[in-house]
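K.L.:
what would the 3D arrangement of this be:
(chains A, B and C)
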Amino acid sequence: MADFHIRLDGVTKTYGSLRVVDNLRLDIIRGEFLSLLGPSGSGKTTILMMLAGFQDASEGTIYVDGNMINDIPSHKRNMGVVFQSYALFPHMSVAQNVAFPLKMRGFGRSDIRERVERALDMVQLSTMKDRKPSQLSGGQQQRVALARALVFEPGVVLMDEPLGALDKQLREQMQLDIRELHARLGLTIVFVTHDQSEALTMSDRIAVFNKGRIEQIDTPRMIYDHPATRFVAEFIGETNLMEGEIAGREGDEAMVRLSDGCMMRVRARDGLERGAKVLVTIRPEKVELSDPPAAANSFPVTVSDTIYQGDHFRVQLQGAGQRFIARRDRRAAEWPQGARLHATFAADDCWVIAP
Amino acid sequence: MRPGKLIPAVFGLLAVSFLLLPLLVILPLAFTSSLFLIYPIPSFSLRWFDVLVTNPVWRAAIVNSLIIGIGTTILSTVLGGLASLGLREKLRFVSAPLSTLFLLPMVVPAVVLGVGLQILYARFGLSSTYLGMIIAHTVIAIPLVMVSVTNSLQGMDSRLELAAASLGAGPAATLLHVTLPLAMPGILTGAVLAFAVSLDEVVLNIFLAGPGQRTIARQMFAELRDNISPAIAAAAFLFIAGTIVLMALVLLMRRRVGGTAS
Amino acid sequence: MMARLWNRRTRAFLLVMPMALFIAVFFVWPLVIMVKQSVSDTAVLQILPRTADEVAGWDRASPPSEAMQAALIADLRAATDEKAVGDMVRRLNSAQSGFRTLMSKTISAVAKPETGPLLAPVDKRWMQPPYWIAIADALEPRTDRYLLAAVDLERDATGDITQMPEGSSANRLIFGRTFWIAGLVTLFCVLIGYPYALLIAASTGTTRAILLAAVLLPLWTSLLVRTAAWFILLQEQGLINGFLLSTGVIASPLALIFNRTGVVIAMTHVLLPLMVLPIYSVLVTIPTNLMPAATSLGAHPLRAFVHVMLPLSLRGVVSGMLLVFMTAVGYYITPALVGGAGDQMISAIIAFYSTQTANWSMASALGMVLLAITLVLYVVYAQLSGRNSIGGRM
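P.N.:
Sure, this is the predicted structure:
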């Protein structure tokens, strides 16, 4: 058995007739940074609440280190939790906040002082220790919450959209800081977010949630390049989707007949029988545009709009009976509206999923 | 000024004087040297405060008010505080009716409650006892305690208690270190209101108390009916000063407890 | 998992329990006792329990049996509480005249050991059924006579409900007066309170703070202090008369106290905050740009007010009116102090029955009527303003 730190087995949470989490099976590897990513209402926060012991699973079992923890109350689970709005105790100073979990565990006075000092050093807040949370900026509050959740050295840290309230620049800085802390301390972190770029930046693995179920769980790279379902393809980044059916296979490649009759080469996958209905996905940045047609997988398209986005151009195209988006380097020529071009999709960049 | 602005200004001024004038008028009379509760004041003196302290009837009334008031404050704050905490657990068909029930004493006219309690007390020998008065005042003070404690609990971020649990605090420790300190402003306000209600209460005192439990308010009521002396104004002065001191105390405590920026 | 849920519920239950018990014993139970008292009539049953057993089998027409007579003698011999016996006699005499003399004669007769077992030798009247019928009727422990009397009704000899004779009871008059005074106070409160609340909502900064403080300060001040203050203002040598006399507006002092004027003025002052605060709390939720919007669409400010502000704030106005009326109906202290004999409201009558004459049945019956009125008003109020919002009273 691999070194699974946490295992959820058939976990279900229902509110009346609503199944918020539906028969979930999830193994969390020791020391990994796992993001639970999904739109609001997909059940990701509920899973975190059940892990922390704030909510009970309606069905199923949760194991930590092989022991079932369903009946262990949250204060005995020894998991650090970082909340969306930090949940710092407003009536305590920064140092008292960080000392709280140590006090609850009966640490000695000098031991507490030393550990609090170290934890605040780690988040660079040593000078703020006598302030009240209300006297801190959002980013500082966030770091106090982090220090408080880490100071008692829990094996697992659960984070519920901890960066959601910060502005973009600070958020990106904190993403890197948390990533570094994770690497340094070797923690298992379960991180809930609805921000796909945050999940891609930080995670070892991402579990994409939809309607209480996991659509796909894999590394960021696999999630982005090889989405398992249409939901994942559309939820993570932008993508072009084309309907078609498998017309045949040739070694590593398969032929797909698109709905308008064009043939397209794609990377083959197991289990694609001839005649199977499929969706072909290709990311906008993989769409090549050229005036003369390239060798294969090339379609005539018309530029319907070109939008300047700073670091790139977003080109809206019409062709093969549908719309496409391409993302082009800013140095590329700015094609006028109505320009006739050819779009080329490299077979390796086309990924086929079930419709 | 245009009439469009003049009329509201004049109305506002009149209404404010109607509301505040009576309160301002009674205060100077506490310091009159006259035997009568009327203006003009011949000269200033503290004789009526002296009466409050030295006259055995007034003195007993002050002591009784303190005994009953403090008893009521403690009993109603403890009961109301515990119940407010318990009512946060929302049970269908239980929690909502109970919270309404606990607010009803505020609605039921004092005389109605007085009649019922009088009959009940006659059966149990609670008539003309301090305990009986404390209980009666607690009944009418409870809604105010419930309202202020419940408000402060509702205003509290419930995630703070979850956070405490995740940091290793059991239910008792969470209550002690997180919930109670944060609910303290509401609890204090409730306690002050309970004391104020007890201090000002007359009707239940008429129904249930014996001569041994006459309070200041009851004594003022009796004096207003019979021999109207400036001792009433002196007592009123103490009331108003007491209210201001208590309110200031609560505000101070609130500020101390919470750098609670929401 | 179930165990943890159960724990949480047990904890909640244990926390609420003391309060629930306290309220049940010292709030609900007294009201239940009062309701029972208002329909109970045990003055006779309490003294004559043996007679009650015997009378139960009697046909109400034939002469009284020997057992009935013996039981009555035994009951009267056993009775020791003179006050209770007096209550019984009064109760019987009100049903059948002549009982007072008959009873006093009989009681002194049964004190002698040789009397009995028959009553005919004591008084011939004991052989007539009407006296026994009166006893039999009065033994019934449930009665509606107090509730009927609370609204000036009674049952005649045939058991039909009829009006009490003119002048024998004034409860309807007093209920009417109570509503009239409460209505007047509500009217004055809304006439002053609504514009005042509009004024607060329209003002800003210091002005708003002062206007709000002027409402809150009286609310925090003792009711007795406020009533005493009106005493000082309204009395014959009071400030108002003094001012009017010295400016020559009047030649002799106005009667402002111990009459209806005084009661209405003082109660309006006391209850005004209860009108202003609910209205204000609704007004602040109305977006400030609605009135300018209406006028920009061409409405005259007055029309804009009638069509925009008034309908939106109506909920607060009605809440305030109900709150003031509900509180005013049960008022006791203020009318007792600044009113005259003709201004006493229903609470004063209840207090009179309860504390002066210890007629708890009558006090309870009147209390029942007052309680019912108050609860109906409260239910309407609660529907209107959302549950738990009587916190506005503070």
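K.L.:
nearest to chain B: which residue in the stretch 151-300 of chain A?
P.N.:
In the stretch 151-300 of chain A, the residue that lies nearest chain B is A:F152 (6.8 Å; CB to the nearest CB). For the C-beta atoms, the positions are set from N, CA and C on the backbone; glycine is no exception.
K.L.:
can you confirm that residue is in a helix?
P.N.:
No. Assignment of A:F152 by DSSP: H, G, I helix; E, B strand; the rest coil gives coil, placing it outside any helix.
K.L.:
burial count for it?
P.N.:
19 (other CB atoms under 10 Å in any protein chain shown).
K.L.:
pLDDT wise, what is it at?
P.N.:
Per-residue confidence at A:F152 stands at 92 (pLDDT).
K.L.:
what does C:M88 give?
P.N.:
pLDDT, read off for C:M88, is 86.
K.L.:
for the residue nearest to it when sequence neighbours are not counted, what are its contacts?
P.N.:
Among residues not flanking C:M88 along the chain, C:I47 sits closest, at 4.7 Å (CB to CB, 6 or more residues apart in numbering or on different chains). Counting by CB atoms under 8 Å, 6 or more residues apart in numbering or on different chains, C:I47 makes contact with C:D75, C:L76, C:A79, C:A84, C:V85, C:M88.
K.L.:
would you mind checking these for buried ones?
P.N.:
Neighbour-count burial (16 or more other CB atoms under 10 Å in any protein chain shown) applied to the contacts of C:I47 gives C:D75, C:L76, C:A79, C:V85, C:M88.
K.L.:
strands - which of these land there?
P.N.:
Per DSSP state E, strands hold no members of these.
K.L.:
dump stretch C:181-200 to PDB, restricted to CA.
P.N.:
Listed next in PDB are the C-alpha coordinates belonging to stretch C:181-200 (Å, rounded to 0.1, in the frame of the first residue of the first chain):
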ATOM      1  CA  ILE C 181     -56.700  56.700  26.300                       C
ATOM      2  CA  ALA C 182     -54.400  54.100  24.600                       C
ATOM      3  CA  GLY C 183     -55.900  55.200  21.200                       C
ATOM      4  CA  LEU C 184     -55.300  58.900  22.000                       C
ATOM      5  CA  VAL C 185     -51.800  58.300  23.200                       C
ATOM      6  CA  THR C 186     -51.100  56.200  20.000                       C
ATOM      7  CA  LEU C 187     -52.500  59.000  17.900                       C
ATOM      8  CA  PHE C 188     -50.400  61.700  19.500                       C
ATOM      9  CA  CYS C 189     -47.300  59.400  19.300                       C
ATOM     10  CA  VAL C 190     -47.800  58.900  15.600                       C
ATOM     11  CA  LEU C 191     -48.400  62.600  15.000                       C
ATOM     12  CA  ILE C 192     -45.200  63.500  16.700                       C
ATOM     13  CA  GLY C 193     -43.200  60.300  16.100                       C
ATOM     14  CA  TYR C 194     -43.600  59.900  12.300                       C
ATOM     15  CA  PRO C 195     -42.400  63.300  11.300                       C
ATOM     16  CA  TYR C 196     -39.700  63.000  14.000                       C
ATOM     17  CA  ALA C 197     -38.500  59.700  12.500                       C
ATOM     18  CA  LEU C 198     -38.500  61.300   9.000                       C
ATOM     19  CA  LEU C 199     -36.500  64.100  10.400                       C
ATOM     20  CA  ILE C 200     -33.900  61.800  11.900                       C
END
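K.L.:
ok, and does it reach over to chain B?
P.N.:
Yes. Against chain B, stretch C:181-200 shows contacts by CB under 8 Å from any CB of the partner chain at C:I192, C:P195, C:Y196, C:L199.
K.L.:
wait, isn't the third one in contact with C:L277?
P.N.:
No. C:Y196 is beyond contact range of C:L277, at 10.6 Å (criterion: CB atoms under 8 Å).
K.L.:
hey, what's in contact with both of those two?
P.N.:
In contact with both C:Y196 and C:L277: C:V215, using CB under 8 Å, 6+ apart.
K.L.:
how many neighbours does A:M50 have?
P.N.:
A:M50 has 25 neighbouring residues, counting by other CB under 10 Å.
K.L.:
so the closest residue in space to it that isn't next to it in sequence, which of the three states?
P.N.:
Leaving aside its chain neighbours, A:M50 sits nearest to A:A57 (5.2 Å; criterion: CB to CB, 6+ apart). The three-state label for A:A57, taken from three-state DSSP, comes out as coil.
K.L.:
contacting residues for A:A57?
P.N.:
By CB under 8 Å, 6+ apart, A:A57 lies in contact with A:V11, A:T12, A:K13, A:V21, A:M50, A:N70, C:M1.
K.L.:
tell me which helix or strand the fourth one sits in.
P.N.:
Pointing back at A:V21 there. strand A:18-29 (DSSP states H and E).
K.L.:
buried set for that strand?
P.N.:
Using 16+ other CB under 10 Å as the test for burial, strand A:18-29 gives A:R19, A:V20, A:V21, A:D22, A:L24, A:L26, A:D27, A:I28.
K.L.:
in CSV: those residues, plus pLDDT and distance to chain C.
P.N.:
Shown next, in CSV, are the buried residues of strand A:18-29 (pLDDT from 0 to 100; distance: CB to the nearest CB, whole Å):
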residue, pLDDT, distance to chain C
A:R19, 90, 17
A:V20, 91, 16
A:V21, 93, 14
A:D22, 91, 18
A:L24, 92, 16
A:L26, 93, 19
A:D27, 94, 21
A:I28, 95, 21
